[in-house]
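Asks: sequence first, then the predicted structure, then my questions.
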Amino acid sequence: MPAIVMSNAGPNGAKKLEGKITIYVVICGVIAATGGLMFGYDIGISGGVTSMDDFLEEFFPVVYERKHKAKEDNYCKYDNQGLQLFTSSLYLAALVSSFVASKVCTKHGRRLTMQAASVFFLVGVIFNAAARNIVMLIVGRILLGVGVGFANQAVPLFLSEIAPVHIRGALNILFQLDVTIGIFVANIVNYFVSSIHPWGWRLALGLAGVPATMLCLGSMVIAETPTSLIEREQLMEGLAVLKKIRGIDNVNAEYEEILHACEMARQVKQPFRNLMKRSSRPQLVIAIAMQVFQQFTGINAIMFYAPVLFQTIGFKNDASLLSAVITGIVNVLSTVVSVVLVDKLGRRFLLLEACGQMLITQVAIGGVLLVNLKSTNELEHGVAVWVVVLVCLFVSSFAWSWGPLGWLIPSETFPLATRTAGYAFAVSSNMLFTFVIAQAFLSMMCHLRAGIFFFFAAWIVVMGLFVIFLLPETKNVPIDEMSERVWKRHWFWKRFMDEEALDKKDSV
Ligand code: BGC
């Protein structure tokens with residue numbers, strides 16, 4: 001039975017949007033989501049590689065020596081700007097490239113943007129795996145970053161646009177599910193290659209070519225989104241794809257709705273300038289805030305540096321990678337929970353529950369380390385196990401909330417006219433703050449010590465209040481009706497939407 005959702009948009013008022021979950025739409029979703037694998041694999045692999053002795057000895061001899069000195073300060077042994085730059089350079093490249101990707105997405109479609117992503121990524125992989133010096137390493141990472149910027153721009157938009165409205169959350173979260181699978185696989189690879197000397201790290205970096213090849217081949221067989229086709233005036237193709245992905249012939253209501261959105265979008269000549277108008281403020285603020293807050297949960301302090309972190313608190317090399325594998329599994333499984341629940345319980349419920357769980361676990365981790373981990377001692381085994389359990393509880397709550405929803409919500413809130421431009425701000429905010437955390441975390445840990453966990457806990461309180469007061473629910477609202485049904489009805493944001501009429505005059 002096709003699901004029916006009422007729609008108010010379009011020139012003719014309320015209509016029915018019909019559509020079932022076809023195998024075809026699921027296959028397109030699964031294939032496109034492999035873009036998330038590239039991103040995730042990289043997040044997982046950089047932490048592992050930067051804690052491998054062979055890698056450190058070759059490129060960061062100072063860190064290598066410091067790591068092996070007896071009685072080095074527990075909280076400071078990895079603090080090195082060069083090492084952090086290796087991890088972070090990717091994010092700076094992704095930040096800049098997401099704006100270029102937004103233009104490519106509008107002009108040439110979501111599919112071609114994904115293909116370009118995979119090609120950049122593949123070339124970056126070659127540079128990294130063959131690196132003979134730091135310059136090759138950094139050039140490789142920059143190319144990987146461009147790949148990530150392109151993929152993270154195109155994939156979530158693609159997923160939100162092809163999804164039938166009642167499973168839009170679930171389908172979009174396939175992207176984040178692949179991010180978590182990528183991180184998990186990378187953790188396993190780290191674990192095994194760390195015993196291959198002296199070139200295990202090359203294998204680890206080289207295997208990033210696998211997800212990129214999957215995306216490259218996959219994106220040749222999937223459909224372009226009907227929205228992107230219609231936006232680029234390929235009306236017949238757009239209609240045909242819409243029928244195919246919905247599995248029904250009568251797609252008139254949705255087709256009209258997309259046509260209407262495209263007409264509105266065509267009137268906007270300069271999407272980026274339009275984004276600066278008052279009427280775009282609600283979506284823009286939400287998109288940026290979701291990503292900034294996502295990073296200030298402190299998740300990447302754990303993801304990038306899980307092996308480093310676990311070594312810091314007294315696990316030996318192998319044991320620490322193994323602990324990182326455990327958090328990886330928790331991350332994947334908890335994301336599945338989100339896929340199942342997001343369209344039933346809604347976005348706000350998941351975010352708020354997670355704020356509570358993350359707050360408690362961050363404070364507990366900070367407390368345990370404050371009491372038990374001094375500069376040069378090792379944690380008792382039992383205490384260290386407790387830290388791993390707390391980290392798992394923290395990761396699970398992130399994985400069913402801020403992780404996936406940081407990507408989902410910005411991809412579904414903008415009207416078509418500003419969608420790709422607005423989403424570029426979401427992607428680049430993610431990259432900017434991922435960079436900030438990656439670059440600062442090890443130094444912050446060295447200075448704030450266990451206090452770093454209280455720092456993140458304080459942010460979690462802020463983001464909880466933000467959700468309560470400022471984040472509207474977007475579950476089950478058709479993507480092209482957000483303005484009417486969400487923003488114009490929100491107690492706070494509606495004052496910006498009243499100005500929409502004023503804005504329109506000078507946007508044409
Ligand atoms: C975030 C990443 C994070 C990952 C963890 C993603 O949504 O953007 O920064 O490392 O989730 O699973």
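Replies: Yep, it's here.
Asks: now Gly328: closest residue in space, sequence neighbours ignored.
Replies: Using Cβ to Cβ, 6 or more residues apart in numbering and skipping the chain neighbours, the partner closest in space to Gly328 is Phe184 (3.6 Å). For glycine as for every other residue, the C-beta is placed from the backbone atoms N, C-alpha and C.
Asks: contact partners for Gly124?
Replies: Neighbour list for Gly124: Gly140, Arg141, Ile142, Leu143, Leu144, Gly145, Val146, Gly147 [criterion: Cβ atoms under 8 Å, 6 or more residues apart in numbering].
Asks: and the pLDDT for it?
Replies: Looking at Gly124, its pLDDT is 98.
Asks: host element of it?
Replies: Taking DSSP states H and E as the criterion, Gly124 maps to helix 110-129.
Asks: what's downstream of that helix, the next helix or strand?
Replies: Assigned by DSSP H and E, the successor of helix 110-129 is helix 134-162.
Asks: pull out the buried positions in that following helix.
Replies: By 16 or more other Cβ atoms under 10 Å, the buried positions in helix 134-162 come out as 136-162.
Asks: check which helices and strands it sits against.
Replies: helix 23-32, helix 34-49, helix 81-108, helix 110-129, helix 168-193, helix 226-231, helix 402-413, helix 416-448 (3 or more Cβ pairs under 8 Å, 6 or more residues apart in numbering; DSSP states H and E).
Asks: mind giving me the packing neighbours of the helix or strand following the second one?
Replies: Toward the C-terminus, helix 34-49 is succeeded by helix 53-59 as the next helix or strand (DSSP H and E). Applying 3+ Cβ pairs under 8 Å, 6+ apart, one finds that helix 53-59 makes contact with helix 61-68, helix 200-206.
Asks: what comes into contact with the last one?
Replies: Meaning helix 200-206. Residues from elsewhere that reach helix 200-206, judged by Cβ under 8 Å, 6+ apart: 45, 48-49, 52, 54-55, 125, 128-131, 140, 186, 189-190, 193-194, 196.
Asks: buried subset of the residues you listed?
Replies: Among these, those scoring as buried are 45, 48-49, 52, 54-55, 125, 128-129, 131, 140, 186, 189-190, 193-194 (criterion: 16+ other Cβ under 10 Å).
Asks: near the ligand, which residues of the stretch 101-250 of the chain show up?
Replies: Gln176, Val179, Thr180, Ile183 (Cβ under 6 Å from any ligand atom).
Asks: please see if the helix or strand hosting Phe454 touches the ligand.
Replies: Phe454 belongs to helix 451-470 when assigned by DSSP H and E. No: judged by Cβ under 6 Å from any ligand atom, helix 451-470 and the ligand are separated, with a smallest distance of 13.6 Å.
Asks: against Val268, how distant is Leu471?
Replies: Remark: distance between Leu471 and Val268 (Cβ to Cβ, to the nearest Å) = 25 Å.
Asks: how about stretch 474-489 as PDB, C-alpha atoms only?
Replies: Extracted as PDB, the C-alpha positions of stretch 474-489 are listed here (Å, rounded to 0.1, in the frame of the first residue of the first chain):
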ATOM      1  CA  THR A 474      10.400  18.400  10.800                       C
ATOM      2  CA  LYS A 475       9.300  14.800  10.900                       C
ATOM      3  CA  ASN A 476       6.800  13.900   8.200                       C
ATOM      4  CA  VAL A 477       6.700  17.400   6.700                       C
ATOM      5  CA  PRO A 478       7.300  17.300   2.900                       C
ATOM      6  CA  ILE A 479      10.600  18.900   2.000                       C
ATOM      7  CA  ASP A 480       9.100  21.600  -0.200                       C
ATOM      8  CA  GLU A 481       6.600  22.700   2.500                       C
ATOM      9  CA  MET A 482       8.900  23.500   5.300                       C
ATOM     10  CA  SER A 483       8.400  27.300   5.000                       C
ATOM     11  CA  GLU A 484       4.600  27.100   5.300                       C
ATOM     12  CA  ARG A 485       4.300  24.300   7.800                       C
ATOM     13  CA  VAL A 486       7.300  24.700  10.000                       C
ATOM     14  CA  TRP A 487       9.000  28.100   9.900                       C
ATOM     15  CA  LYS A 488       5.900  30.300   9.500                       C
ATOM     16  CA  ARG A 489       4.300  28.500  12.500                       C
END
